[in-house]
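Participant: make a model of this:
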Amino acid sequence: MSSNTIVGSKIKNIRESKNISLEEISERSGLSKDQILSIENDQHLPSLGSLIKVARALGVRLGTFLDDNEELGPVVCRSEEQSDSISFSNGATDARKHMEYHSLAKQKAGRHMEPFIIDIQPSKEEHYTLSAHEGEEFIYVMDGEVEISYGKEVYNLKKGDSIFYDSIVDHHVHGVKDKSAKILAVVYTPL
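Facilitator: Numbers count the residues shown, from 1 in each chain. Below is the predicted model of the structure:
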């Protein structure tokens, strides 16, 4: 696996293997056909919210897009194995790579939680597109400072702070303007 995996080709392969048309995925996910095509062709880095909607539309776990070999027992992820990453735009309209996701459980079969270490790059963005999906998220700030827009509230978290919230409420996680950060995030998505 390359050190920077983009999920588009996996999504396309799953969709085609299940014989599901672009129209069907669009209807089920609420995303436009153009959005899905640009994700499948790796032209657009999907936000985590969009990815969860596509996973549900395909009837698969979010982890299916990240999996390598599936293990039924526990999975240990050594620090030197965290270099593989998945990129998401986190909803940025210009599709710049603001977040680098390092999956900590990609070999675990049948999982409903997705633990990630996420490197958040500095950004000058001031307006973010919030997204919502079923499930829960837990975030622990390992380094730097992050801002979480959640509904009408904004929470600033510094190193050592954490937050646990219902993902069904519109939200967005990003670094404080012009600063990088590193977080541990656990995303739970019921299938």
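Participant: how about the strands of the chain, start to end?
Facilitator: Under the criterion DSSP state E, strands of the chain are mapped to 4-5, 85-88, 99-103, 113-120, 136-150, 153-158, 162-166, 171-175, 181-188.
Participant: how about those strands in a markdown table, adding mean neighbour count and mean pLDDT?
Facilitator: Glycine gets a C-beta too; all of them are placed from N, C-alpha and C. Listed next are the strands of the chain as a markdown table, based on neighbours: other CB atoms under 10 Å; pLDDT from 0 to 100:
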| stretch | mean neighbour count | mean pLDDT |
| --- | --- | --- |
| strand 4-5 | 16 | 44 |
| strand 85-88 | 21 | 54 |
| strand 99-103 | 21 | 76 |
| strand 113-120 | 21 | 87 |
| strand 136-150 | 18 | 93 |
| strand 153-158 | 13 | 93 |
| strand 162-166 | 14 | 93 |
| strand 171-175 | 22 | 89 |
| strand 181-188 | 20 | 92 |
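Participant: closest to residue 46 out of the ones you listed?
Facilitator: strand 85-88 (6.2 Å; CB to CB).
Participant: re earlier: of the strands of the chain, which is nearest residue 31?
Facilitator: For those, distance to residue 31 was read as CB to CB. The smallest value, 14.4 Å, belongs to strand 85-88.
Participant: in JSON lines: the strands of the chain, plus distance to residue 64.
Facilitator: JSON lines is the format used below for the strands of the chain (distance: least, CB to CB, whole Å):
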{"stretch": "strand 4-5", "distance to residue 64": "13"}
{"stretch": "strand 85-88", "distance to residue 64": "12"}
{"stretch": "strand 99-103", "distance to residue 64": "12"}
{"stretch": "strand 113-120", "distance to residue 64": "11"}
{"stretch": "strand 136-150", "distance to residue 64": "19"}
{"stretch": "strand 153-158", "distance to residue 64": "30"}
{"stretch": "strand 162-166", "distance to residue 64": "23"}
{"stretch": "strand 171-175", "distance to residue 64": "22"}
{"stretch": "strand 181-188", "distance to residue 64": "14"}
